[in-house]
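**Student:** Sequence first, predicted coordinates after that:
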Amino acid sequence: MSGMYHPIAQGEIDGHKEGLNCGLSLIEFVGNFEFKTTNKEYFIGFGAGFKKGQILRAHLEKLEITLPFEERIACCQYMFWEKNRCDINRDDYLDHIQNWDNFSLDLNICNKVLDFLEENKIQKCFDEILTFYKQNFRLQAFKEFDLIYNYLKKMRQKKIITKDYDTREDRAKIDLKLKNWIKNNQE
């Protein structure tokens with residue numbers, strides 16, 4: 001059963017997501033929700049996760065930053081998903097929330113990425129930008145740039161499935177997207 005969480009853990013994950021997304025108390029939420037399971041362990045985890053989500057939501061509401069509240073929530077949801085994929089420390093990101101909506105790239109990073117593009121090293125381009133955004137807690141930029149990276153991953157998957165697939169057209173689109181990103185976000 002790989003990929004499946006213990007019911008308490010799954011309940012906590014689901015509860016955290018719901019607690020972060022809604023402004024209702026747990027009692028109000030449960031009264032309006034039909035659960036698909038009657039597993040007691042799941043409910044225990046759900047309640048604990050919901051409470052943690054509500055605490056984080058209250059923290060995000062109190063902050064006086066330019067990033068709209070809905071976008072803060074969306075960034076948090078992305079951060080929790082991303083945490084499962086790579087090493088992201090939630091507390092560090094919350095401590096640096098004022099950087100979340102900063103998209104600018106250092107000139108050195110831009111030049112490195114353009115050099116990598118000239119050398120046809122597209123993966124290094126993505127690694128360089130994603131690492132920069134991650135290290136500088138620029139979560140919204142990381143989230144949006146990751147969409148371009150997903151385009152590259154889909155192209156690679158398509159190449160694996162279809163052996164005679166010509167990547168030149170999609171690769172040119174990715175190169176253009178990278179160049180536009182750098183142009184629009186250069187400091």
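**Tutor:** Great, that's in hand. Fair warning: this is a prediction, and the values are worked out from it, not measured in the lab.
**Student:** shaky segments in this structure?
**Tutor:** In the predicted model, the chain carries pLDDT under 70 at residues 1-3, 32-38, 83-87.
**Student:** Can you tell me the centre-most residue of it?
**Tutor:** Residue closest to the mean C-alpha point of the chain, counted by C-alpha atoms, centre = their mean, is residue 78 at 3.2 Å.
**Student:** Next up, the contacts around that one.
**Tutor:** 139, 143 (C-beta atoms under 8 Å, 6 or more residues apart in numbering). For glycine as for every other residue, the C-beta is placed from the backbone atoms N, C-alpha and C.
**Student:** And the helix or strand harbouring it, what's buried?
**Tutor:** Residue 78 is part of helix 69-85, with elements assigned from DSSP states H and E. By neighbour count with 16 or more other C-beta atoms under 10 Å, helix 69-85 contains the buried residues 72, 73, 74, 75, 76, 78, 79, 80, 82.
**Student:** With stretch 170-185 instead?
**Tutor:** For stretch 170-185, the neighbour count (16+ other C-beta under 10 Å) marks 170, 174, 177, 178, 181, 182, 185 as buried.
**Student:** List just the nearest of these to residue 117.
**Tutor:** Residue 117 lies nearest to residue 178 out of the buried residues of stretch 170-185, by C-beta to C-beta, at 6.3 Å.
**Student:** residue at max distance from the center of this structure?
**Tutor:** residue 164 (32.6 Å).
**Student:** so when I look at that residue, I'm seeing a helix, right?
**Tutor:** No - assessed with DSSP: H, G, I helix; E, B strand; the rest coil, residue 164 is coil; it does not lie in a helix.
**Student:** With that, I have no additional questions.
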